[in-house]
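**Q** Fold the following.
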Amino acid sequence: MEEEAVSLEEQRVQEEFNLLIDDYLHTNHRRKVERITRAFQFAREAHRGVKRKDEDPYIMHPLAVARIVCKEIGLGSTSICAALLHDVVEDTEYTVEDIRNMFDDKIAEIVDGLTKITVNEQNVEKNVEKKAEQTASALLPGSTAKLTSKQAENFRKLLLTMSSDIRVVLIKIADRLHNLRTLGSMKPTSQFRTIGETLFIYAPLANRLGLHTIKTELENLSFKYEHPKEYEHIHNKLCTMESSRQIRFQNFAKPVNEKLRAMNLTYEIWDRIKSPYSIWMKMEAKKIPFEDIYDIFAVRIIFESKEGIDDKNMCWDIYAVITDIYPAHPERTRDWVSRPKANGYQALQLTVMGPDGQWIEIQIRSRRMDDIDEKGFAAHWKYKENRREIEEDTELEKWLHTITEILENPNPNSLDFLDTIKMNLFSSEIFVFTPKGEVKTLPQGATALDFAYELHTDIGNSCIGAKVNHRLVPLSHPLMNGDQIEILTSHSQHPSSEWLTYVITAKARTKIEAILKRVRKESAKKGELKLIDGFRKAGIEPLTSYMDKVAVYYGFPRREDLCYAIEKGDVALPENIKKILKDKSDNILFKYVKDVLHVGQKKKDRPERPEYDRSRPYVLSENEFGRNYVVASCCKPIPGDDVLGFCNDDNTVVVHKRSCSIAMRLKSSFSERILSTVWSSHTHFSFEATLEVKGIDSVGVLSTIAGTISDSFNVNIKRLLIETNDGVFEGTIKMLVHNVEDIHRMCVALSKIKHVQSVVRIAD
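**A** This next block holds a predicted model:
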């Protein structure tokens, strides 16, 4: 029986490899089947006998990644071979040199890049002082305490490899996609780590590289595992409306098809639905039910290019045909054809009023534009090989250059580094102009100072103001689409720490921080000379230990911070430093920080974080004296919410909603501290919750709402604010409840009150 099982496994592996070769032969790449076969055989032997968590032979994972790389991303034999071999160096005795000798330098380089990323993921040591250093940094102005994160450092390595060979990142994204597809076999804590990294890093990175389909699947799979109830609810709603959606599409498409056929176009027209994750994000952001999302349904028209006719002109011709039939929404036309997005996305988007009285979004694009949206960089390469001009390549190359610049001046705070990069991954774009009419692309929300740094670092460093559309504005002025900007400079101007609050682009922030760091270092050196001079005047040798004691006296965790404060004039040294060395500090603030940092405590006396059993969920329980957790103030979860735990340095488990933005950062940056949690019954303590109520103003509606809550549910109302305007009322009710069920029952009861239109729970 055992031999039969092995034989069946071998058969499955061979069938999967055959599918890979079939996928490869359907591409336009040169036929290098023998090379891929060698890589497969090498990887199969290297991983022989090893199983994954789902009990599949391990080789099935590299095969799956290779198929994604080939079929879904569209890369060639080098990338396919690297995908097949991507875990060999990490998990077996083989080295990068073995790969180089068996194959070639390029495959070895890519495998080496993938191995460095993965090893860094697994082996970076935990930094138990992280939270304490963060506290010190917050409490002590001017402190440069570093907050490290193994995921942030891992992402930095990912970007470094991307700047040398983009295929490393594309294969890593394929690897992450297959891990998400098999996430069900992982423990909940591991799922949280994977989901956190995916939503925080890999999904926006896939989007930035033009892999729209993969980005959507990464988000949906993450959503499915992290919020299964919400995912199922939205999925069922979409299934229920399937038949009515098809009727809407047919009614819309019939007259459009007649007109397009008359133009002798070769085209496809089909409908698509918004992804469950996107629907949920909009529901959460706008606090509206599924039924109020109006852009669930959209139409895509993809046409084949014609010789001698520009794709842009064809897009506008189709636009004219559609708007002759259906009226267009005047404020919802987006021309991404004339000026593509920075990730290469091109389409002409419009929204029209359909035949059934509902708005329908339409995307018009050529086959080339569609390929680039689906397969990103790989499609760019394909069309470049065909010697077709791809103007949007320049935007992608500019972005890669920006990433390289950021990495040359890395932020010492890893979380800030992550946020800086992520901001530039997620942001929508605006187009602005130089005085000579040159177009510049910036993230939405960018300021005049961001624009200055986009032009040149020296222009940014010396910027004193700007003229936007010939009107003088400050450095912090936010730019709008179509603005024309002239930057004003002065040789006497220099960046200040305040400038960091004026910018949002990674490039500007990195340049400012690099200069501030250099200036601070120079100031600290001057301050150190003054401190040493003070010691010598007192006849004391300026030993490092003595300088540290002076720093402690003034409440600074580091000697460098004291020296900087001396140079800035924030600390005045006494005539005789001997007195300081003898006296004890009365600085209460420092005593607190010292306690947080465990300064002076023996290692054995320091509180140690307890070892939690990660194989099972941590039970959130209470008794009449207290709870075994703390509720996070940022999202204020209550029993019944989907939550996770974060283990602080003081042994406390802080509970966050899984959808909380702070929890997202924690999952993606400190996965070793994340705990899977479950609620037990809660009867002793109450929790704060806030409802938002809207409706038509009428006599007695306020008293009816208050009476329903206090009488029918016996809960305490902490705050009730209702405002009326032109016959409509809107208000918030903060109350104390025991669990989510209390909230649900309350929403149902309040919704039944006459003239109440909507009741939703909101974050306070």
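
**Q** where are the low-confidence patches of the stretch 51-200 of the chain?
**A** In the predicted model of the stretch 51-200 of the chain, residues 116-164 satisfy pLDDT under 70.

**Q** Could you rerun that using 50?
**A** For the stretch 51-200 of the chain, the stretches with pLDDT under 50 are 123-148.

**Q** do the stretch 301-450 of the chain as well
**A** Looking at the stretch 301-450 of the chain by pLDDT under 50, you get 385-393, 412.

**Q** can you give me the strands for it?
**A** 334-335, 348-353, 359-366, 429-433, 439-443 (DSSP state E, counting those that start in this stretch).

**Q** Check the stretch 151-300 of the chain too.
**A** 267-273, 297-303.

**Q** Would you mind listing the buried residues in the last one?
**A** By neighbour count, with 16 or more other C-beta atoms under 10 Å as the criterion, the buried positions of strand 297-303 are 297, 298, 299, 300, 301, 302, 303. C-beta coordinates here come from the backbone N, C-alpha and C atoms, glycine included.

**Q** In three-state terms, how would residue 466 be classified?
**A** strand (DSSP: H, G, I helix; E, B strand; the rest coil).

**Q** Ends of stretch 736-755, what's the gap?
**A** Distance between the two ends of stretch 736-755: 25 Å, counting by C-alpha to C-alpha, to the nearest Å.

**Q** Repeat that for stretch 447-463.
**A** Per C-alpha to C-alpha, stretch 447-463 runs 12 Å from first to last residue.

**Q** what's in contact with that stretch?
**A** Contacts to stretch 447-463, defined as C-beta atoms under 8 Å, 6 or more residues apart in numbering, come from residues 432, 434, 440, 442-443, 465-466, 468, 473-479, 485, 487-491, 493-495, 499, 502-505, 507-508, 511-512, 515.

**Q** Likewise for stretch 25-32?
**A** Stretch 25-32 is contacted by residues 33, 70, 74, 76, 77, 382 when judged by C-beta under 8 Å, 6+ apart.

**Q** Which stretches in the stretch 1-150 of the chain count as helices?
**A** Secondary structure of the stretch 1-150 of the chain by DSSP state H, counting those that start in this stretch: the helices cover 2-25, 33-46, 60-67, 77-85, 88-91, 96-102, 105-123, 130-139, 150-164.

**Q** And the fifth one, what does it pack against?
**A** This means helix 88-91. Here helix 88-91 touches helix 33-46, helix 96-102, helix 105-123, going by 3 or more C-beta pairs under 8 Å, 6 or more residues apart in numbering; DSSP states H and E.

**Q** I'd like those written out as a markdown table, with mean neighbour count and distance to residue 753 added.
**A** Shown next, in a markdown table, are the helices and strands packed on helix 88-91 (neighbours: other C-beta atoms under 10 Å; distance: least, C-beta to C-beta, whole Å):
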| stretch | mean neighbour count | distance to residue 753 |
| --- | --- | --- |
| helix 33-46 | 18 | 65 |
| helix 96-102 | 16 | 69 |
| helix 105-123 | 19 | 53 |
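
**Q** Nearest to residue 258 among the ones you listed would be which one?
**A** Of all the helices and strands packed on helix 88-91, it is helix 33-46 that lies closest to residue 258, at 46.3 Å by C-beta to C-beta.

**Q** which one's the longest helix in the chain?
**A** If you go by DSSP state H, the chain has its longest helix at helix 506-537.

**Q** helices or strands up against that helix?
**A** Applying 3+ C-beta pairs under 8 Å, 6+ apart, we find helix 506-537 packed against helix 393-408, helix 414-426, helix 448-455, helix 457-461, helix 544-553, helix 559-568.

**Q** Count residues in the vicinity of the nearest residue to residue 248 once chain neighbours are set aside, would you?
**A** Among residues not flanking residue 248 along the chain, residue 356 sits closest, at 5.8 Å (C-beta to C-beta, 6 or more residues apart in numbering). Residues near residue 356, counting by other C-beta atoms under 10 Å, number 11.

**Q** my read: residue 356 touches residue 249, true?
**A** No: under the criterion of C-beta atoms under 8 Å, residue 356 makes no contact with residue 249, lying 10.5 Å away.

**Q** anything in contact with each of the two?
**A** Here residue 356 and residue 249 have no joint contacts, going by C-beta under 8 Å, 6+ apart.

**Q** Out of the strands of the stretch 301-450 of the chain, which one sits most buried?
**A** Among the strands of the stretch 301-450 of the chain, ranked by average contacts under mean count of other C-beta atoms under 10 Å, first place goes to strand 359-366 (a mean of 22).

**Q** and the residue lying closest to residue 534 once chain neighbours are set aside, what does it touch?
**A** In this structure, residue 534 finds its nearest non-sequential neighbour in residue 573, 4.7 Å apart by C-beta to C-beta, 6+ apart. Going by C-beta under 8 Å, 6+ apart, residue 573 touches 530, 531, 534, 566.

**Q** again, only using 7 Å
**A** 531, 534, 566 (C-beta atoms under 7 Å, 6 or more residues apart in numbering).

**Q** now swap in residue 165 and tell me
**A** Residue 165 neighbours (C-beta under 7 Å, 6+ apart): 109, 110, 113.

**Q** one step back: just send the strands of the stretch 301-450 of the chain back as JSON lines, with distance to residue 519 too.
**A** Listed next are the strands of the stretch 301-450 of the chain as JSON lines, based on distance: least, C-beta to C-beta, whole Å:
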{"stretch": "strand 334-335", "distance to residue 519": "43"}
{"stretch": "strand 348-353", "distance to residue 519": "46"}
{"stretch": "strand 359-366", "distance to residue 519": "49"}
{"stretch": "strand 429-433", "distance to residue 519": "30"}
{"stretch": "strand 439-443", "distance to residue 519": "26"}
